[in-house]
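Trainee: Sequence first, then the predicted structure, then my questions.
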Amino acid sequence: MCTGSSVSDASFGPNVKILNSNSQIVELQTIIRDKNTSRSDFKFYADRLIRLVIEESLNQLPYSDCSVETPTGAIYDGLKYRSGNCGVSIVRSGEAMEQGLRDCCRSIRIGKILVESDADTHVAKVVYARFPDDIARRQVLLMYPIMSTGNTVLQAVNVLKEHGVPEDCIILSNLFCTPIAAKTVVGAFPQMKILTSELHPVAPNHFGQKYFGTD
Ligand SMILES: O=P(O)(O)OC[C@H]1O[C@H](OP(=O)(O)OP(=O)(O)O)[C@H](O)[C@@H]1O
């Protein structure tokens with residue numbers, strides 16, 4: 001279900017969606033990209049943008065019709081989440097998105113994947129992965145804020161597929177994506193949904209360092 005708060009990007013097909021831009025979103029992106037932003041402001045404003053992306057990512061999950069009785073006895077025909085969702089964060093930057101997800105889904109299970117990239121060759125390999133036992137039957141919200149080449153996400157999605165998760169059950173929740181990364185990831189996984197706040201040739205690759213204050 002889509003409420004119109006994100007749009008598909010025609011260049012990359014219907015599965016790449018971008019948050020509908022507005023002044024507030026551009027302000028958050030500007031603060032995050034500004035090299036003069038303090039670490040405390042960076043985390044504060046990154047958390048705000050993360051919340052917006054997570055909320056719209058949840059909007060991509062399946063809902064079922066339901067009816068509830070209101071205090072006046074009237075019947076209201078509404079919607080409820082289908083059960084069987086989980087989050088997976090890619091360490092380290094993806095962990096910054098976990099709280100935003102927990103703020104919306106209190107006790108959601110969150111798996112983790114650690115992908116390490118060679119500093120010279122940029123070849124990425126998975127060194128750690130832990131998931132709920134029944135992940136193959138769940139809708140997976142994969143969280144990683146930056147896609148530069150897309151290599152980190154490629155490796156992470158491969159691991160999910162090795163654990164039996166169908167490609168069309170994965171929603172990648174992302175803040176900043178380069179066009180080259182979008183092309184690479186969509187080319188490899190055409191059925192996976194990607195939700196980002198911005199497609200731009202320059203990715204703020206300092207995200208993890210600045211958010212967590214570690215090299
Ligand atoms: O799309 P890719 O080319 O794979 O790149 C994704 C991100 O990973 C790298 O950061 P880093 O290794 O610091 O990641 P981390 O913050 O998650 O530790 C890179 O600087 C990007 O920010």
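Mentor: The structure has been received and is ready for your questions.
Trainee: residues near the residue nearest to Pro201 when sequence neighbours are not counted, how many?
Mentor: When the adjacent residues along the chain are set aside, Pro201 lies closest to Thr178, with 5.7 Å between them (C-beta to C-beta, 6 or more residues apart in numbering). In this view, the C-beta of every residue, glycine as well, is placed from N, C-alpha and C. Using other C-beta atoms under 10 Å, Thr178 is surrounded by 20 other residues.
Trainee: check contacts around Thr178.
Mentor: Applying C-beta atoms under 8 Å, 6 or more residues apart in numbering, one finds that Thr178 lies in contact with Met147, Ser148, Thr149, Gly150, Leu199, His200, Pro201, Val202, Ala203.
Trainee: roughly how far apart are Val7 and Ser197?
Mentor: If you measure Val7 against Ser197 using C-beta to C-beta, to the nearest Å, the figure is 12 Å.
Trainee: Which one's more surrounded, these two?
Mentor: Set Val7 next to Ser197 and count neighbours by other C-beta under 10 Å: Ser197 wins out with 26 against 13.
Trainee: surely the more buried one meets Phe176?
Mentor: Yes: in this structure Ser197 lies within contact range of Phe176 using C-beta atoms under 8 Å: 6.9 Å.
Trainee: Would you mind listing the residues touching both of those two?
Mentor: Shared contacts of Ser197 and Phe176, defined by C-beta under 8 Å, 6+ apart, comprise Gln29.
Trainee: How about the top helix by length along the chain and the ligand, touching?
Mentor: What stands out as the longest helix in the chain, according to DSSP state H, is helix 39-58. No: counting by C-beta under 6 Å from any ligand atom, the ligand is not contacted by helix 39-58; separation bottoms out at 12.0 Å.
Trainee: Name the residues that touch the following helix or strand past that helix?
Mentor: Toward the C-terminal end, the helix or strand that comes next after helix 39-58 (DSSP states H and E) is strand 63-69. The set of residues external to strand 63-69 that reach it, using C-beta under 8 Å, 6+ apart, is Met1, Ile75, Tyr76, Asp77, Gly78, Leu79, Lys80, Tyr81, Arg82.
Trainee: How far off centre is strand 63-69?
Mentor: Here the centre of strand 63-69 is set off from its chain's centre by 27 Å, with C-alpha atoms, centre = their mean, to the nearest Å.
Trainee: Over to stretch 25-42?
Mentor: Taking the mean of its C-alpha atoms, stretch 25-42 sits 19 Å from the chain's own mean (C-alpha atoms, centre = their mean).
Trainee: With stretch 182-197 instead?
Mentor: Centroid separation between stretch 182-197 and its chain, computed with C-alpha atoms, centre = their mean, is 11 Å.
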